[in-house]
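1. any chance you could fold what I've pasted below:
(chains A and B)
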Number of protein chains: 2
Amino acid sequence: MHATLDGDAVRVDPPGRERFYDSRGYGRPDGNALDLAPVEAAHLLFRGDLESVDGMGFRAFLAATDCTLPFLVYKDLRDRGFYLSPAREGWADGADAPGTGAAGEASETDFVVFPRGKGPWDGAVEYRVRVLGERETLRAAALADADTLAVVDEESELTYLAVERPELTGESADDLPTGVSAALLADRAVLWDPPRDLYARTFYGQPLDGRDADGALQCSLVEAAYLAERGAIRVDAGREGVVERGRAVEGERFDRRLAVYRALRGAGVVPKTGFKFGADFRTYATVRSVEELGHSEHLVRVVARDHAFTPRDLALDVRLAHGVRKRMVFALADADGEVDWLSVGRLTP
Amino acid sequence: MHATLDGDAVRVDPPGRERFYDSRGYGRPDGNALDLAPVEAAHLLFRGDLESVDGMGFRAFLAATDCTLPFLVYKDLRDRGFYLSPAREGWADGADAPGTGAAGEASETDFVVFPRGKGPWDGAVEYRVRVLGERETLRAAALADADTLAVVDEESELTYLAVERPELTGESADDLPTGVSAALLADRAVLWDPPRDLYARTFYGQPLDGRDADGALQCSLVEAAYLAERGAIRVDAGREGVVERGRAVEGERFDRRLAVYRALRGAGVVPKTGFKFGADFRTYATVRSVEELGHSEHLVRVVARDHAFTPRDLALDVRLAHGVRKRMVFALADADGEVDWLSVGRLTP
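-> Now for the predicted structure:
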């Protein structure tokens, strides 16, 4: 069958449509002819279904069109039994299916993947895949717009990540005392005589003596700043003094973490340090008492809105969270209090 | 008992020695009197064994001496049944015990911890502990000098990490072919007609078609650069062309990673990408054939010699490695080929 490279499309003469589109979902039909994206043509060349494009076999075509990364993802998804279309202006019909507003924005979606057994003619979409090389970075805003990431690592193995926008809500108790005296010590605050419930019921702080839950309570600066702004504790330096200490030890990151802490507590969720998991917080949705503490559900990493994610760091966080049966959540935060939540998890298409 | 703060030591009048040193290992005796480090005095005040120092009780003393972080670690180790001494010039007798050269270097060791049931008078050392706040960083050189890290997180929980200098050696096959043709494609190399053993026996590359181990092989740029310098593959751009491509996509980090790759292969160890674990490499000590591949033993992260570790990143790496039953190893590398290995793992004293 005659195929020619024309700009960034491969034109297949009739009966290209019948042979490759109607039954197998390649390309975009134009009468009985067919326009293929380079990656589709590469796949047909690789399989031997197309002999050559302008005289180029698979190897030469791959070198000429530089579509190695998308090819690896396209091939993998085909191998898994999916039909898929490159998401290019006006290409993927399925792109106009309900609830699929982001399609056609080539910069954000590379492939529109149809449900198994469906094709571009069915108007349903299973995944919108963005292809990412291991060494590319992804801005937080772009991650927020993503649905599925297909990361190609340096040895050409693929990792799929699903991006979601979770709601973090809970039903934890948060009745606070008023004006409990607290002292700033180094980068923490100590409440020498806290009301018992502050730790035992609402899970603020950590007893100075682990064996004595009724004794002095250490709070992190984030906890202390939040408790001070709620009027629950009284520090000589005031709420501002705590925040200043926080900024002194971790810069403006402190403001972002405080914004996230406040948003979580406001939603009935208890955030505690996620240090042992390399995260900012681990969270508990429903704390009634520390003695009956359940499993924490999320790991939260706080990032600035202009944060650039590297696929490797994403892989690390997601893998760790998976290993400890928690969901990895990124909190995109301004210092002024706005927080957006993104969860990222492993996906097997 | 009368105790006074004198500079940075607390002087306890006789019978201070008998009461606190002889049976419980606090302080440094001076005749029948005793000199305590502030953290030791704080612990005695906390326990109520000492009533006051210059009229200060525990709270006031902690605020005045600013030894909160070391106090938390000191207390935890005492609670775990250890005797320990602050490592200060001339303080810890145990510091002069055999094989304990680093003692007394206050900048690197905070506490010398004696084996359970032993004390400062026995001349044996179990751990040399460096106390680290969650937000402090640790230079690679300082990590290399460390024995045990006690990290105090923002909520005052402790994580102990053991630092070791592992040897990475293996017995993997590494017979290479000569002059196999390879093509550079984007940020990888493809060998269209590789000898079968290159993948199947020596585990280079990744088959382009996962189901066809005899077909084309994709290699990472690191693999390709190493194979080119060994003369195993021939690339149009030469070995230098591969290295240049590597530098173009990841800067001088590429040279460091290549140095580590070379060192591992040279030691009979097979490095493969550690991307899914957020690391540079996972390693196999003994590869005879890909079909009988065992479990990979190490995760290797390559860092520059002046890298500053943050405790949180350390915690993340160590936790992940532990979860997948591998040892976390940091490769401190120069671009010129020198590599030092450091492994970091969780420790329960």
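2. what's in contact with the longest strand along chain A?
-> Determined from DSSP state E, the single longest strand within chain A is strand A:339-347. Identification of contacts with strand A:339-347 by Cβ atoms under 8 Å, 6 or more residues apart in numbering or on different chains yields A:140, A:143-144, A:148, A:159-168, A:259-260, A:263, A:298, A:314, A:317-319, A:321-322, A:327-333. Backbone N, C-alpha and C define where each C-beta goes, glycine included.
3. list the contacts of the closest residue to residue A:84 other than its chain neighbours.
-> Counting by Cβ to Cβ, 6 or more residues apart in numbering or on different chains, residue A:113 is the residue found nearest to residue A:84 once chain neighbours are left out, at 4.3 Å. Shown in contact with residue A:113 (Cβ under 8 Å, 6+ apart): A:77, A:82, A:83, A:84, A:125, A:126, A:127, A:128, A:129, A:148, A:349.
4. residue boundaries of the helices in the stretch 101-250 of chain A?
-> Applying DSSP state H, counting those that start in this stretch to the stretch 101-250 of chain A gives helices spanning A:140-145, A:196-200, A:221-229, A:238-250.
5. show me what counts as buried in the next helix or strand after the last one.
-> Once the chain leaves helix A:238-250, the next helix or strand it forms, by DSSP states H and E, is helix A:253-266. Of the residues in helix A:253-266, those buried under the neighbour-count criterion (16 or more other Cβ atoms under 10 Å in any protein chain shown) are A:253-265.
6. any chance of the residues you listed in CSV with pLDDT and distance to residue B:290 as columns?
-> Below are the buried residues of helix A:253-266 laid out as CSV (pLDDT from 0 to 100; distance: Cβ to Cβ, whole Å):
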residue, pLDDT, distance to residue B:290
A:253, 94, 44
A:254, 96, 49
A:255, 96, 51
A:256, 96, 46
A:257, 97, 45
A:258, 97, 51
A:259, 97, 49
A:260, 97, 45
A:261, 98, 48
A:262, 97, 52
A:263, 96, 49
A:264, 97, 46
A:265, 97, 51
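7. right, and residue A:334 touches residue A:256 too?
-> Yes - if you go by Cβ atoms under 8 Å, residue A:334 and residue A:256 touch, sitting 7.3 Å apart.
8. contacts only, for whichever residue of the stretch 1-150 of chain A sits closest to chain B.
-> Distances between the stretch 1-150 of chain A and chain B by Cβ to the nearest Cβ are smallest at residue A:68, namely 4.6 Å. Counting by Cβ under 8 Å, 6+ apart, residue A:68 touches A:62, B:185, B:186, B:188.
9. next, count neighbours for the third one.
-> Spelled out, that is residue B:186. 19 (other Cβ atoms under 10 Å in any protein chain shown).
10. with the first one instead?
-> Each residue near residue A:62 was counted by other Cβ under 10 Å, and the total is 23.
11. using the three-state scheme, assign it.
-> helix (DSSP: H, G, I helix; E, B strand; the rest coil).
12. which ones are touching it?
-> Counted by Cβ under 8 Å, 6+ apart, residue A:62 has contacts A:42, A:68, A:71, B:185.
13. got the residues of the stretch 151-300 of chain A near chain B?
-> Counting by Cβ under 8 Å from any Cβ of the partner chain, the stretch 151-300 of chain A comes close to chain B at A:151, A:153-157, A:159, A:183, A:185-188, A:190, A:192, A:205-206, A:208-210, A:218-223, A:249-250, A:272-273, A:275-279.
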